[in-house]
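> the sequence and its predicted three-dimensional model are supplied below.
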Amino acid sequence: MKLRASMLRLAGMFPGARRARERELAAEIDSHLQLHIDDNLRAGMTAAQARRNAILQLGGVDATKEAYRDRSTIPFLEHLLQDVRFAIRQLRKDPGFTCTAVLVLSLGMCASVAIFAFVDAALIKPLPYRNPGRLAGVFESIATEQRSTLSYPDYLDWKKLNKVFSSLDIYQRGHFALTTPAGAEPVRGDRVSDGFFRTLGVTPVLGRDFYAGEDLPSAPRVALLSYAAWQQRYGGERDVLGRVVTLDGAPNIIIGVLPRNFHFAPAGQVEFWTAFHASSDCDLGRYCHTVFGIARLKDGVSLQTASADVKSIAKRLEKQYPDSNRDQGADLELLTDVITGDIRPVLMILLGGAGLLLLIATVNVTGLLLVRSEGRRREVAMRRALGASQGRLISQFVTEALVLVTAGSVLGLASANWAIQILERLISEDIMATPFLHGLGLNARVTAYAGVTALMAATLFALAPSLRIGSRDLREGLAEGSRCTAGIVWRRLGSKLVVLELATAMVLLTGAALLGKSLYQLLHVNIGVQSGNLLTMEMVAPKSGYGKDEQAIALTREIAIRIERLPGVRSVGFTTNGVPVSGNGNTMPFRVLGRPWHGENNLTPERDVSAKYFTTLGAKLWRGRYFTDAEDASKPSVAIVNGALVRKYFPGEDALGKQLARPWPSKPIEIVGIVEDIREGPLDEAIPPVLYIPFNQDPDRDFSLVVRTLQDERALLPALAATIRRIDPGIVMDRGKTMMDKIDDSQSVYLHRSSAWLVGGFAALALLLGVVGLYGMVAYSVSRRTREIGVRMALGAQPGSVYRLILQEAAWLAAAGIAIGLACSVVAATLIRGLLFGIQPWDVPTLAAVAAVLGIAAVLASFIPARRAASVDPVEALRAE
Amino acid sequence: MGDKTDVWQGTLALMALKTLETLGPLHGYGIARRIEQTSGNLLSLNYGTLYPALLKLEQEGAIASEWGVSENNRKAKFYRLTRAGRKQLDKATSNWEQTTAILARFLSPSEDQA
């Protein structure tokens, strides 16, 4: 019965119901009076008496109506509704304020919600595997790379010997040449051990997983499809199971399709997953490191324990196989960290930046609200004098804050939704493998985040003005001339807000400047190569036809001749293990002949390059000579080394003419040239020692092409591809890339660029908001002091001294903001040190420049109100009060 | 009016329900008059206070209302007891009787003490 009554009362609050009810009550009272008057007349009263008596007996009609109204609705909600209506009316009366406040707030919300959505998708949302917190990436580690690949035999030993994993599996990243009716097509495909998907806890949506033992060479070749490949290549047909797909010339039976939401970011966008089938020399050689491990930790085993266990296994293998395993350590990392490690600091910086922007926006709106409450002091005092309770007055301000925040949040969420889509489109697929962003958008977590943000903003907005109402003396508010004194309260609180805004803006500006400068440094880092007019293309020739060394050499010679014939091409070079700025690539062990050797491996990145490789790149030869095309296996082995290798292994010696050797077979390799360091790996990492061996002495059918052109290199890409197709359509190649694009798209540049741009955008907005806040503060103070300034001028103050008066106030605020901002900036910059490149967090020129920009902006902002103050007409000012 | 008693909180609803049980469907004025008469004109009742009480009873489902015509041909809103109202009345009556019995025992001069 209670519930029924409450529902009816709630329903009674709608305006339609209210009107109907009032009409009904009026009619009922009318009829009541009629009946009473009839009775009274019958009892012998006169008409006037009868009426008077009836009305008297009824009691106060208004009291009845009010009691009736209270009973038919819920008074608290009724008041709230009234407040909301009043707040909306108030806000509509001042569209300038309302629009500014809502826009500023929605801007802050939009930035922070959009960035949070990315943080959520990439970092918070658990990986789509069973119990992902127990999965670890398993690596072998060497001096130059802590988390490097395992060799297959090592994997087998680790799997057998460990006591800490409930399962250990491997994947090998790679490409397959997919045979299609139109020729060979390169597709992303990985080879995995049989239990790979079971370790992850993923089961195919169609068909079956690999059986145990299906990854052995004796088992028939089978493949799993990604959901996308199933849809795109097989039209999502269920009879795909059992069909044969030819990968790298070998037929594979399709046995299953992986779930739609499955992704494994370390492997990228893989279409075909095949069982490992270790058969090649490299697969079976302990020295050949090509696979990554993933493991599921046994229950109760910590990452540290597991790490210690695999390290002890690695130690044992080092002793057992000193030739191949010396210096091969082990390392474990949680899979979550493997997957999100690179992106996390960037996202955290962006989230921090967006948070600061939100802070500044909120503070800005709080300032506006304070000014407004200042203007409404008399209204508030009047309402209180008329009997409004403190609670009722505060509830009015809270309602107004809620209305503002609601409007700002709705607008902010809508624009965040839009911003997320734009940002998502801007994200390069190569870098942030899109699977990361599965489920990106305004999901429950993001909405909750927005809700909490909105709630905090609302609290702040409601608190600031209501605190001040509480302390206000009623009489003071009503008194006419009290405006000047009240200004002091506002100035104290308001100026703190402005200082806070300016300091925040300073932090964001410094962050943006440092990141921008890092990006600049990164783009201008010396890569040891003339990057303009340079094309690169990676290709793999089929095993049949190019499996022998002579065939591979002949192929590169043929390609070089044909491409050099193309108009606009100056020279052509070849390398293995990738072109510069793509990764340090495979390593080769070596020792220096003529020095005592204790079995150390000196693993060093190695590349097999053609005679014209260095001249094509435009690399600088420091000493000695380049390779010649005639240097093949029949000639003495030679090598070219980079400066880093000389510095590390031949400090203070002449490296030229020294002899190196692999630990086995120990045939001498003579150093014939020294080149300036070429950045083979990421731009922001130190260049390791590198060995260059003639391509013709160690040929491979998997190589990269570099082409130096005379004019616009991009225009040549189609001709390049066509030429190679003409030579052999079975050669699998990528689309080719200019060196400039390669640098621009490299992960480090991409991450630096995106963070620099976004933080730069936040900083620009923060600067604008901070300066507008300062302007508002000074302008308000001027308007409050018009009378004071009038008096001063009437007493003979010159405009110059008025300027000084106002500018001094602004200068104090700006100086305080900049000083606090400087201190915070250094702290903040130290926190993001990991992302800075070639610049210190306390870089003085940057800090000075940012302080100068902020200072100048502050002076400009306060100059306008100062001029208004100086042009005050004393007579007008005094009369206006 | 000085010797008249004000209506106690909550008892008005009970009186209204009882009136409707005794007299059947009745308009607000009739209920007010009946309460006044039954009390032997000892209660001072502002007729207006009856209407919020009736609204509450109606919201709770104890009574239902309908517009009709009075015996002397005036339009009036008639209230009638619902089944739930009858139950509520029974319960309230027994509660009330119990309370008054207890109070009476307290207030009447006990024979032992006399």
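Received it, and whenever you're ready, just let me know what you need.

> I'd like the distance from stretch A:581-593 to the chain centre, please.
The chain centroid and the centroid of stretch A:581-593 are separated by 33 Å, computed with C-alpha atoms, centre = their mean, to the nearest Å.

> what residues sit buried inside it?
Buried positions in stretch A:581-593, judged by neighbour count with 16 or more other C-beta atoms under 10 Å in any protein chain shown: A:Val581, A:Ser582, A:Asn584, A:Gly585, A:Asn586, A:Thr587, A:Met588, A:Pro589, A:Phe590, A:Arg591, A:Val592. Any C-beta I mention is one placed from the backbone N, CA and C, and that applies to glycine too.

> including pLDDT and secondary structure, could those go into CSV?
Shown next, in CSV, are the buried residues of stretch A:581-593 (pLDDT from 0 to 100; DSSP: H, G, I helix; E, B strand; the rest coil):
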residue, pLDDT, secondary structure
A:Val581, 82, coil
A:Ser582, 78, coil
A:Asn584, 69, coil
A:Gly585, 70, coil
A:Asn586, 75, coil
A:Thr587, 76, strand
A:Met588, 79, strand
A:Pro589, 79, coil
A:Phe590, 84, coil
A:Arg591, 83, strand
A:Val592, 86, strand
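
> out of the residues you listed, which are close to chain B?
Applying C-beta under 8 Å from any C-beta of the partner chain to those, one finds that nothing falls near chain B.

> what bits of the stretch 601-750 of chain A have low per-residue confidence?
Scanning the stretch 601-750 of chain A for pLDDT under 70 picks out A:663-665.

> in it, what residue comes closest to chain B?
A:Tyr750 (65.7 Å; C-beta to the nearest C-beta).

> one more: the stretch 151-300 of chain A?
A:Asn261 (51.6 Å).

> now do the same for that residue: its pLDDT.
As predicted, A:Asn261 sits at a pLDDT of 82.

> ok, for it, nearest residue in space, not its chain neighbours?
Setting aside the residues directly before and after it, A:Asn261 is nearest to A:Pro128 in space (C-beta to C-beta, 6 or more residues apart in numbering or on different chains), at 5.4 Å.

> surely that neighbour touches A:His263?
Yes. A:Pro128 is within contact range of A:His263, at 7.0 Å (criterion: C-beta atoms under 8 Å).

> with neighbour numbers in mind, choose between the two.
Per other C-beta atoms under 10 Å in any protein chain shown, whichever of A:Pro128 and A:His263 has more neighbours is A:His263, with 25 against 17.

> so the more buried one: helix, strand or coil?
coil (DSSP: H, G, I helix; E, B strand; the rest coil).

> and for the closest residue to A:Ala794 other than its chain neighbours, the neighbour number?
Leaving aside its chain neighbours, A:Ala794 sits nearest to A:Pro874 (4.1 Å; criterion: C-beta to C-beta, 6+ apart). For A:Pro874, the count of nearby residues is 18 (other C-beta under 10 Å).

> would you enumerate the residues in contact with A:Pro874?
Listed by C-beta atoms under 8 Å, 6 or more residues apart in numbering or on different chains, the contact set of A:Pro874 reads A:Gly790, A:Val791, A:Met793, A:Ala794.

> are any of the residues you listed buried, and if so which?
Buried among the contacts of A:Pro874 (16+ other C-beta under 10 Å): A:Gly790, A:Met793.

> any regions of chain A where pLDDT drops low?
Using pLDDT under 70, chain A drops low at A:1-2, A:144, A:428-439, A:465-491, A:584, A:599, A:663-665, A:880-881.

> walk me through the domains of it.
Domains of chain A are assigned by automatic domain parsing as A:2-73, A:75-127+A:346-479, A:144-326, A:489-524+A:739-881, A:542-730.

> export those to a markdown table and tack on distance to B:Thr82?
Listed next are these as a markdown table, based on distance: least, C-beta to C-beta, whole Å:
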| stretch | distance to B:Thr82 |
| --- | --- |
| domain A:2-73 | 12 |
| domain A:75-127+A:346-479 | 27 |
| domain A:144-326 | 57 |
| domain A:489-524+A:739-881 | 60 |
| domain A:542-730 | 81 |
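
> which helix or strand contains the spatially most central residue of chain B?
Note on chain B: the residue nearest the mean C-alpha position is B:Met15, at 1.1 Å, using C-alpha atoms, centre = their mean. Applying DSSP states H and E as the criterion places B:Met15 in helix B:11-23.

> flag every buried residue along that helix.
Across helix B:11-23, burial judged by 16+ other C-beta under 10 Å covers B:Leu12, B:Ala13, B:Leu14, B:Met15, B:Ala16, B:Leu17, B:Lys18, B:Thr19, B:Leu20.

> and those residues, which two are furthest apart?
By the measure C-beta to C-beta, B:Leu12 and B:Leu20 form the most distant pair in these, at 12.7 Å.

> the one residue in the stretch 751-881 of chain A that gets nearest to chain B - how many residues pack around it?
Distance from chain B to each residue of the stretch 751-881 of chain A (C-beta to the nearest C-beta) is smallest for A:Tyr780, at 49.8 Å. A:Tyr780 has 21 neighbours, counted by other C-beta under 10 Å.

> for it, grab phi and psi.
Backbone geometry at A:Tyr780, expressed as degrees, to the nearest 10, gives phi -60, psi -40.

> before we move on, what about A:Leu534?
Torsion angles, degrees, to the nearest 10, at A:Leu534: phi -130, psi 130.

> measure the residue lying closest to it once chain neighbours are set aside to A:Gly573 for me?
Counting by C-beta to C-beta, 6+ apart, A:Leu534 lies nearest to A:Met739, which is 3.9 Å off, once chain neighbours are set aside. Going from A:Met739 to A:Gly573 by C-beta to C-beta, to the nearest Å gives 12 Å.

> look up which helix or strand the spatially closest residue to A:Cys288 that is not a sequence neighbour falls in, please.
Excluding the flanking residues, the one nearest A:Cys288 by C-beta to C-beta, 6+ apart is A:Cys282, at 3.9 Å. Here A:Cys282 sits within helix A:281-284, counting by DSSP H and E.

> packing partners for that helix?
helix A:152-161 (3 or more C-beta pairs under 8 Å, 6 or more residues apart in numbering or on different chains; DSSP states H and E).

> what comes up buried for the helix it packs on?
Buried residues in helix A:152-161, counted by 16+ other C-beta under 10 Å: A:Tyr152, A:Pro153, A:Asp154, A:Tyr155, A:Asp157, A:Trp158, A:Lys159.

> CA atoms only: put it into CSV for me.
Below are the C-alpha coordinates for helix A:152-161, written out as CSV (Å, rounded to 0.1, in the frame of the first residue of the first chain):
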residue,chain,number,x,y,z
TYR,A,152,63.8,-24.5,-30.9
PRO,A,153,66.1,-27.1,-29.2
ASP,A,154,66.4,-24.8,-26.2
TYR,A,155,62.6,-24.5,-26.1
LEU,A,156,62.3,-28.3,-26.0
ASP,A,157,64.8,-28.5,-23.2
TRP,A,158,63.1,-25.7,-21.2
LYS,A,159,59.8,-27.4,-21.7
LYS,A,160,61.2,-30.7,-20.4
LEU,A,161,63.2,-29.3,-17.5
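
> give me the helices and strands touching it, please.
strand A:165-172, helix A:281-284, strand A:289-297, helix A:303-320.

> and among the ones you listed, the most buried is which?
strand A:289-297 (a mean of 23; mean count of other C-beta atoms under 10 Å in any protein chain shown).

> quick one: secondary structure of A:Val759?
Per three-state DSSP, A:Val759 ends up helix.

> how much space between it and A:Leu357?
10 Å.

> give me the common contacts of these two.
In terms of C-beta under 8 Å, 6+ apart, A:Val759 and A:Leu357 are both contacted by the residues A:Leu508.
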